[in-house]
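**Q** Give the three-dimensional model of this entry:
(chains A and B)
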Amino acid sequence: MRLELVKRPQQSTLFSALSPFIAFGLTIVAGAILFAALGKDPVETLYYYFIDPLTETWSLHELAIKAAPLILIAVGLSICFLSSNWNIGAEGQFIMGAIAGSVLPVLFPNFQFWFVLPLMLIMGMAGGAAYAFIPALLKVRFNTNEILSSLMLVYVAQLFLDWLVRGPWRNPQGFNFPETRNFHEYAILPEIWSASGRAHWGFVFAIVAALILWFMLSKTLKGFEVKVIGQSPRAGRFAGFSAGRMVIFAFLVSGAMAGLAGISEVSGAIGQLRPTISPGYGFTAIIVAFLGRLNPLGIVAAGLILALTYLGGEAAQISVGLSDKVVRAFQGSILFFVLACDTLIHYRVRLVRPAQKAEAAHV
Amino acid sequence: MDHTDPSQTEALLAVRGLTKIFGSLKACDDVDLTIGRGEIHALLGENGAGKSTLVKMLFGSLEPASGTIFWKGEPVRIASPAQARALGIGMVFQHFSLFEALTAAENIALSIDDDTPIMKIAERARNLSKAYGLPLDPFSHVGDLSVGERQRIEIIRCLLQEPELIILDEPTSVLTPQEADKLFETLERLKGEGKSILYISHRLEEVKRICDRATVLRHGKVVGHCDPKQETAASLARMMVGLEVQNVTRDVPARANDHRPLLEIEKLSRKPATPFSVALRDISVTVHAGEVLGIAGVAGNGQGEFFEAVSGEALQDRADTVRVAGHTVGRLGITQRRLKGAAFVPEERLGHGAAPAMKLSENLFLSRYRTDAREYMGAAGTIRTSRIAAAARRIVEAMDVRKSAEDPEASALSGGNLQKFIIGRELDREPKVMVVNQPTWGVDAGAAARIRQALIDLARSGSAVLVISQDLDELFEMSDAIAVMHDGQLSAPIPIAEATYEKIGLLMGGADAAHPPRPFEEEAV
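**A** Model (predicted):
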């Protein structure tokens, strides 16, 4: 017996709706097997993963804090991926946005006015966009593969940040710890509802960005252009759209979103620059973007789910003693199952019985 | 139908009740076919009649749902092309599968299963090419060869397997009349050696000329077996189409008062964009209001490059190289040229003229978001979906586009129906200049007639129409004058009254172009 994929004449609406749930179910099953194989109680582990973090107010705030950068970066990336620009370097753009936005509070700590924060946010977006512009320009001018160039620039950004906080930007009163001075009060992104928890305005930015980009993608000519060029570059050229300008546009938007996420994280959640400011948000956002089917509204949901796996992963590490490598592998399996289940939207599965084939050998 | 045929007992290949179903469509429905030894058998039918499906089942690339194939009287199952080859069935496809960067011999070597040394293959290929009058240098690079020469590689590759039955799928669709004549000689020679040929075509004249028997398919069913030499082209066409094809009328009088030049191209040259594309050299041509100008030529002689240059997908160095309705547009892109009144229909429907995964209404917007911005766009760049959907419905109705859903994805339509939609999308704008590349390629006869008539009507209403086509019959039917493109150059237009198939055919072969004909045509034998 053999499985065959048969192309459906039309996309299946049923499976478009069901596929994320099937994928989630399969992830749970695969996770349970994985945890059991590691000698953990699968039910308990899954409970800490998916239920426990939702039971308390403070951890819901943590959820919003984790989800904010994921959603912000992922909605930007959706523009890139929909237009077939494979920006894998959002992590680097996140870091560069954080660095550019931190210039004011770190180098000019006495410059304290109300407009410092808005300036920081703008500089953060500009920094991320400028860093994303490098692979975009290389692609347009020299036809460089943007996957490689954007990915390699991540490591450059990480090492640059490391050098800054250990060298020129190190806190003079910081006992030689590798970190910058703490941001002053005008440079801190405030909490949304400080009475109940520490979630900051970054989450609001993420929701607003998702709404704006959703509107752009589904209702405007620019969004149409993004989709045409991504699906069918030659038809895009026939329509009169410029593929080169689209590369620049997509990278600038996603870079700016990643940069905004970076400066929001630093000024909202951390309050200073450190050698490591991201647990891999820029990479996880790629999963989030695809989990949300490159639809900004879907990405909001996907960002919350992935944030939950971060929190749940931490909870499971603490309470069940799971290794963080296993936590990463489990996250990766979500993307794997989502992409695999999406096959069902375009194909149906058919069983081919071996009896027929045996006859064929008769010749 | 021909169960009394005495040759059936010793038929090389017989097919009984072969059926293939795709979804709800019976692509082949209870097909019977008998091919005797040493016979050239024609398989006739319109596009979509089931010819390709039938042949794919014979060649093992598709599995029949029911029915039996008899090979030399024995029932066989052909599960793969390799099995078909082992039986002695060879096939030359309509679309070649050759690597342009490799030599002819290397391409042949790739298809041979054992590891015969390349020199030996070249030697055998050379011998075959001599024996069958198919001049070919085994060491020439495919990228340098004409389409006719590439077809010879495919044929020789097929002959090397020493097949007893050779299937040829639309072999002359890419050849000049003279090249086709050479091919027919080869086929006669093969027939003389007792080999059988299944010849797929919709060109009735050549079927009448070379085929001994014909099987006609319509909507997946055999509608008749006949001796094509006893039939007329009209009677064969009737069998294929099922009703008399309505002839296009070109005699509508043009509006006499207006003969302004609407599309003027002056000394258009273009360097090849890739190593395998053709350079355009000094092309000058003018199309006037009320006129249909046809551009004939064998595929791959620069038509695609020319279309891109005229449409503005590729820009010119000088602004006055191309003029649309008097405006110089050489430095303007396709959107600006559309705004000056031009409309374009490229050769590839899916992926060029239309985005496959987008709905028809979105594909309408694709080429008209700017020219009809006032109608289709709101303030702040928003799209007015309902108006576009209404316009799409209007076009579907006007062009009789058959579709399975209200607003299906472009890729869900058959080639002919999508082409009707794409042509309708541009006609709906009432453009002053219309440039069409291969308007009816792969379109069934009824739809093709409709498309041609629509283009002629557009010209008669005062627009200029430029039609690039490989189908000479089509050009003779539509055009007021025909120019020929060969090797990136364009001949002077020949008024239709003076044009003959022979004259055009010679130009297609490169007869009077400044460039000498390709060297292998004469000397390689």
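
**Q** Now the strand or helix carrying A:Gly230: buried residues?
**A** Here A:Gly230 is covered by helix A:221-231, with elements defined by DSSP states H and E. Neighbour counts over helix A:221-231 (16 or more other CB atoms under 10 Å in any protein chain shown) mark A:221, A:223-231 as buried. For every residue, glycine as well, the C-beta is placed using N, CA and C.

**Q** and after that helix, which helix or strand comes next?
**A** helix A:233-239.

**Q** Check whether the following helix or strand past that following helix comes near chain B.
**A** Next in sequence after helix A:233-239, counting helices and strands by DSSP H and E, comes helix A:243-264. No: shown here: helix A:243-264 not in contact with chain B (CB under 8 Å from any CB of the partner chain), separated by at least 11.3 Å.

**Q** Can you name the element that comes right after helix A:243-264?
**A** Moving toward the C-terminus from helix A:243-264, the next helix or strand (DSSP H and E) is helix A:281-291.

**Q** Can you check what angle separates that next one from helix A:243-264?
**A** Relative orientation of helix A:281-291 and helix A:243-264, computed by axes from the mean of the first three to the mean of the last three CA atoms, to 10 degrees: 120 degrees.

**Q** contacting residues around the residue nearest the centre of chain A?
**A** Nearest to the geometric centre of chain A sits A:Ala285, at 1.1 Å (CA atoms, centre = their mean). Taking CB atoms under 8 Å, 6 or more residues apart in numbering or on different chains, we find A:Ala285 in contact with A:69-70, A:73-74, A:77, A:90, A:258, A:303.

**Q** In strands only, show me those.
**A** Among the contacts of A:Ala285, the subset assigned to strands under DSSP state E is empty.

**Q** Look at A:Phe113 and say how many residues are nearby.
**A** Burial of A:Phe113 is recorded as 9 neighbouring residues (other CB atoms under 10 Å in any protein chain shown).

**Q** hang on, it in a helix?
**A** No: counting by DSSP: H, G, I helix; E, B strand; the rest coil, A:Phe113 is not part of a helix but coil.

**Q** if you skip the residues just before and after it, what's nearest to the residue in chain A that chain B sits nearest to?
**A** When scored by CB to the nearest CB, chain A has A:Gly240 as its residue closest to chain B, at 3.4 Å. Counting by CB to CB, 6 or more residues apart in numbering or on different chains, A:Gly240 lies nearest to B:Thr335, which is 3.4 Å off, once chain neighbours are set aside.

**Q** Can you point out the buried residues in whichever strand or helix holds the one you found?
**A** According to DSSP H and E, B:Thr335 maps onto helix B:334-339. Buried positions in helix B:334-339, judged by neighbour count with 16+ other CB under 10 Å: B:334, B:336-339.

**Q** I'd assumed A:Phe35 was in contact with A:Thr45.
**A** Yes: counting by CB atoms under 8 Å, A:Phe35 is a contact partner of A:Thr45 at 4.5 Å.

**Q** out of those two, which sits in the more crowded spot?
**A** It is A:Thr45, of A:Thr45 and A:Phe35, that has more neighbours when counted by other CB under 10 Å, with 25 against 22.

**Q** Show me what the helix or strand hosting that one is packed up against.
**A** When elements are assigned from DSSP H and E, A:Thr45 belongs to helix A:42-46. Applying 3 or more CB pairs under 8 Å, 6 or more residues apart in numbering or on different chains; DSSP states H and E, we find helix A:42-46 packed against helix A:13-37.

**Q** now do 10 Å
**A** Contact here means 3 or more CB pairs under 10 Å, 6 or more residues apart in numbering or on different chains; DSSP states H and E; on that basis helix A:42-46 packs against helix A:13-37, helix A:296-319.

**Q** On the three-state scheme, the closest residue to B:Ser111 other than its chain neighbours is what?
**A** Distances taken as CB to CB, 6+ apart put B:Arg157 closest to B:Ser111, at 5.5 Å, once the chain neighbours are dropped. At B:Arg157, secondary structure determined by three-state DSSP is helix.

**Q** Help me confirm that B:Arg157 comes into contact with B:Ile108.
**A** Yes: the pair B:Arg157 and B:Ile108 qualifies as a contact (CB atoms under 10 Å) at a distance of 4.8 Å.

**Q** Overlap of the contact sets of those two?
**A** B:98, B:121, B:125, B:128 (CB atoms under 10 Å, 6 or more residues apart in numbering or on different chains).

**Q** contacting residues for the first one?
**A** The neighbourhood of B:Leu98, defined by CB under 10 Å, 6+ apart, consists of B:104, B:106-108, B:110-111, B:142-143, B:145, B:150-151, B:153-154, B:157.

**Q** and of those residues, the nearest to chain A?
**A** B:Ser111 (20.6 Å).

**Q** Same list, the buried residues of helix B:334-339, but only the ones touching chain A.
**A** Among the buried residues of helix B:334-339, the ones lying near chain A by CB under 10 Å from any CB of the partner chain are B:334, B:336-339.

**Q** Just put these in a markdown table and tack on pLDDT.
**A** What follows is those, written out as a markdown table (pLDDT from 0 to 100):
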| residue | pLDDT |
| --- | --- |
| B:Ile334 | 95 |
| B:Gln336 | 94 |
| B:Arg337 | 95 |
| B:Arg338 | 95 |
| B:Leu339 | 95 |
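
**Q** would you turn these into CSV with distance to A:Leu151?
**A** Shown next, in CSV, are those (distance: CB to CB, whole Å):
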residue, distance to A:Leu151
B:Ile334, 35
B:Gln336, 38
B:Arg337, 40
B:Arg338, 40
B:Leu339, 41
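
**Q** re earlier: give me the mean pLDDT for the helix holding A:Thr45.
**A** The average pLDDT within helix A:42-46 is 91.

**Q** Now find how far off-centre it is within its chain.
**A** 26 Å (CA atoms, centre = their mean, to the nearest Å).

**Q** now stretch B:129-144
**A** 24 Å.

**Q** Could you do stretch A:20-31 as well?
**A** Between the centre of stretch A:20-31 and the centre of its chain there are 20 Å (CA atoms, centre = their mean).

**Q** Now do the buried residues in that stretch.
**A** Neighbour-count burial for stretch A:20-31 flags A:20, A:22-24, A:26-28, A:30-31 (criterion: 16+ other CB under 10 Å).

**Q** Ok, stretch B:373-381 next?
**A** Quick answer for stretch B:373-381 (16+ other CB under 10 Å): B:376-377, B:381.

**Q** Name the residues of the stretch 51-200 of chain B found near chain A, please.
**A** Residues of the stretch 51-200 of chain B lying close to chain A (CB under 10 Å from any CB) are B:60, B:63, B:71, B:74-80, B:83-84, B:86-87.

**Q** close enough to count as contact, A:Val156 and A:Ile99?
**A** No: between A:Val156 and A:Ile99 there is no contact under CB under 10 Å: 11.8 Å.
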